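Participant: please find the sequence and the predicted model below.
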Amino acid sequence: MKRIIVTALILIAATAYITVKYFRNLDTSGTHAGNITRTIPDNAALVLEFANEKSFYDIFADNKLIGSLIGEEKLSDLDTARKVLFGNAMLDQLFNGSNVFVSAHPLHADDVELLLTSSASKDFDITQFDRLAKLQKTGFVITPLKIADRKGYTVYFNSLKKRFYIINREENIYSASFSKELLDQSVAFRGDKEKQPFLLLPDKQNSNSLANLYINYEQLNPLFDQLFKNKNSDLFKSFRLLPALATLNLNYKTDALMFNGYTNLLTNKPTSYLNIFVSQQPIVNDLKEIFPSTTAYAMTMAVSDAKKFKSGLADFHDKAGLKSEREQLFSKVKAETGLFLDSEFNSLLGQEFAVITTRFQEKFAIIAVKDGSKLRPFMTNISGMITDDVGQFNYAKIPFFLLGDAFNSFWRPYFRIIDNYLVLANSAKELESYNDIYFNRKFLNKTEQYLRFDNLLAERSNVSFFVNFKNIQPILKEQLKDKFYQAYKNERLSWSGFYGASYQFAAADKNFYTNFCMLQNAPDTSNVTKLIKIDN
C-alpha cells in the first residue's frame, strides 16, 4: 500500500511539474488568433488550437486522447510533417511558440480533410525552404508551388509517399494541408474582416489554455453529410441545427477528453428548438438514472418553468409557420374530448424529458410528470386503449406540439405510464421492452463504466446529449459511410476507444455554458487478474 501511495504522489508531482513548465514556456499564445482564424475557410465546423511548444507535446507524449479527435492515419501524417519537415534544424524556429489551428473541412462526396494554419516567427525568411530543398537525405523533396499570387512549396515525404502543401497566405500567416484541393480553397477564401467565424477567447485567457476547441454549429450538418449515408440522420439533429458558435478549453486529464466553455447564440439567425431552453434555469439531471443499459444515444431536456417553456415553444412554432396546424389540432382535441390539450398537459409536466435510441434502434421517450395517477385520465381521453396499461394516441403529432422537435419521430405513439413517467414508443412491443427494463432495473447506471463517466459530468444542465460508443456501433455500421466506419472500428486511435461522450448545455445569460466530455474505456485487467491468481 505504501508503494502505491508513493507512486501516486510521484505521478501527481510529475503532472504538476509538466503543467507548470508548459505555462512558463507559453508566452505567445493567442496573440494573432483573430487574424489567423479569419483566413480559415468558413466551412470548417471544428478547429482545434494548441501551442506548438515542446512542453505541449511532452504532456501528451504517451497520451493518445488528442490524437483520437483527429484519427490514427491523419495524426500519423501530421506527426511526420512535424518531425521530419518542421523538426529540421533549418525550420525548427518557423512555428516554434506559435499557436497552430487544425481545422476540419468537408470536401467532395466522402472526404473530410485537415487544414493547418499558423503564424511564422517574425524574422522567418521563406527562402529557407529553397535552401532546404538543396540538401540531400532529408527524407523529403521540396519543389516550389504557386497558388494564385501566393508563394508556397510542395513537400513529398518519402516515408508516406504523400505530398504536403504549404502556402504563405498573407504577411506571416501560413496554411498547409495534405489536400491540394483544400489549400486551393483556403487561398481563394476571402473572409469578412468585420465578421469573426469563430468565438475566440481574450488573449490573456487563451494564453492559459492547453488547447481550445472552436465550433461553428451551423457547419456541423455539412460535416455529418460527409460522414453519413443518410443526410436525414436524426443523430443529434437539434444540436446540428443550433445557430451558434462555441469556444471550449481543454482540461487536462489522463483518461478523458474534457472541454468546457461557452456557446453563444447567433442573434442574426433564425432560432432553433434549442434556443427555447436559454430562458430556463439549469436543473439537476435525474432522468438519466432510468436509461436502458442498451442506450446508444440520447437527448435529455430540462426546464425550470414549464409555463415559460410552453410559451417559448408556441412562439418557435409560430415563427416556423406551424401556428395554424397546431391550433387546428388543439381545437379538434377540445371538440372531441373536452380537453384543453396544452394547458392541461403542461400543468402535469415535470422538469425533464428525454428521447432515447437503443442499440436495437428502439426509440423511447421518457417524460417526467408530477403525478402519474392524475395523468392517466388525460391520456385515456386522447388515446385508444389496447390493454389496461397501454394505449395509442388518437391524434397525430401531439408529442411534437407539446414538447417540440425532439419528439418528431413519435407520430401516433403508444404510451404507458410507469410511476411518475410517461413512456412513449412507436410500437406496443417496444413499450413492453421498456417495461421489462424498468422493473428489472436494466439501467446504464448499474455498470461501473457508466458511474466513472457520470462522475465527470456537470450535475445540472438544460440540454444534454449522450452517446455510448459500444452500443451505437451497430447503428454506425448501418449509417456511416463505409470508409468512415472502417476507420472508426479498426483504427487504433478512434472514438471506438472511448466508453461514451456527453455534450451539456446549461443556460447562462441567454447563452449556454457548455461541457464536453469523452471517457476512455477502462483498461482490460482480466489477464492481469488471471496472472495474479496463478502466481498465488
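Facilitator: Looks like it arrived, so ask away. Numbers count the residues shown, from 1 in each chain.

Participant: pLDDT value on the closest residue in space to Pro106 that isn't next to it in sequence, please?
Facilitator: Residue nearest to Pro106 in three dimensions, not counting chain neighbours: Gln226, with 4.3 Å by C-beta to C-beta, 6 or more residues apart in numbering. Placement of C-beta: from N, CA and C, glycine included. You'll see Gln226 listed with a pLDDT of 85.

Participant: and Gln226, how far from Asp42?
Facilitator: Using C-beta to C-beta, to the nearest Å, Gln226 is found at 16 Å from Asp42.

Participant: neighbour count winner among the two?
Facilitator: The neighbour count for Gln226 versus Asp42, taken as other C-beta atoms under 10 Å, is higher for Gln226 (20 against 16).

Participant: ok so, going back, check which helices and strands whichever strand or helix holds the residue nearest to Pro106 sits against.
Facilitator: Per DSSP states H and E: Gln226 is located in helix 220-227. For helix 220-227, the elements it packs on are strand 99-106, strand 112-119, helix 237-240, judged by 3 or more C-beta pairs under 8 Å, 6 or more residues apart in numbering; DSSP states H and E.

Participant: export the last one as CSV, just CAs?
Facilitator: When you say that, I think you mean helix 237-240. What follows is helix 237-240, C-alpha atoms only, in CSV (Å, rounded to 0.1, in the frame of the first residue of the first chain):
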residue,chain,number,x,y,z
LYS,A,237,-30.2,16.7,-35.2
SER,A,238,-31.3,19.5,-32.8
PHE,A,239,-27.6,20.0,-31.9
ARG,A,240,-26.6,20.4,-35.5
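
Participant: hmm, who's touching the helix or strand following it?
Facilitator: Following helix 237-240 in sequence order, the next helix or strand is strand 244-251 (DSSP H and E). Strand 244-251 is contacted from outside by 197-201, 209-218, 257-266, 511-512, 514, 516, using C-beta atoms under 8 Å, 6 or more residues apart in numbering.

Participant: and strand 244-251, which strands flank it?
Facilitator: Here strand 244-251 is paired, per DSSP bridges, with strand 211-216 (antiparallel), strand 256-265 (antiparallel).

Participant: low pLDDT regions in this structure?
Facilitator: Residues of the chain that meet the criterion pLDDT under 70 lie in 1-32, 55-72, 109, 193-194, 202-208, 491-494, 524-536.

Participant: buried residues in the helix holding Gln226?
Facilitator: Residues of helix 220-227 classed as buried: Leu220, Pro222, Leu223, Phe224, Asp225, Gln226, Leu227 (neighbour count, 16 or more other C-beta atoms under 10 Å).

Participant: what does stretch 468-478 give?
Facilitator: Neighbour-count burial for stretch 468-478 flags Asn468, Phe469, Asn471, Ile472, Gln473, Ile475, Leu476 (criterion: 16+ other C-beta under 10 Å).

Participant: can you report how many residues lie near the residue nearest to Phe407 when sequence neighbours are not counted?
Facilitator: Counting by C-beta to C-beta, 6+ apart, Phe407 lies nearest to Pro399, which is 3.8 Å off, once chain neighbours are set aside. Neighbour count of Pro399, defined by other C-beta under 10 Å: 24.

Participant: the one 10 residues further on now?
Facilitator: Neighbourhood size, Ser409 [other C-beta under 10 Å]: 17.

Participant: got the contact list for it?
Facilitator: Ser409 is in contact with Asp234, Val355, Lys363, Asn426, counting by C-beta under 8 Å, 6+ apart.

Participant: kindly report the same for Ile142.
Facilitator: Listed by C-beta under 8 Å, 6+ apart, the contact partners of Ile142 are Phe129, Asp130, Leu132, Ala133, Tyr153, Thr154, Val155, Tyr156.

Participant: which of those fall within strands?
Facilitator: Those of the contacts of Ile142 mapping onto strands are Tyr153, Thr154, Val155, Tyr156, per DSSP state E.

Participant: buried subset of those?
Facilitator: By neighbour count, with 16+ other C-beta under 10 Å, the ones in strands among the contacts of Ile142 hold Tyr153, Thr154, Val155 as buried.

Participant: reformat those residues as a markdown table; add distance to Phe453.
Facilitator: Listed next are those as a markdown table, based on distance: C-beta to C-beta, whole Å:
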| residue | distance to Phe453 |
| --- | --- |
| Tyr153 | 45 |
| Thr154 | 45 |
| Val155 | 42 |
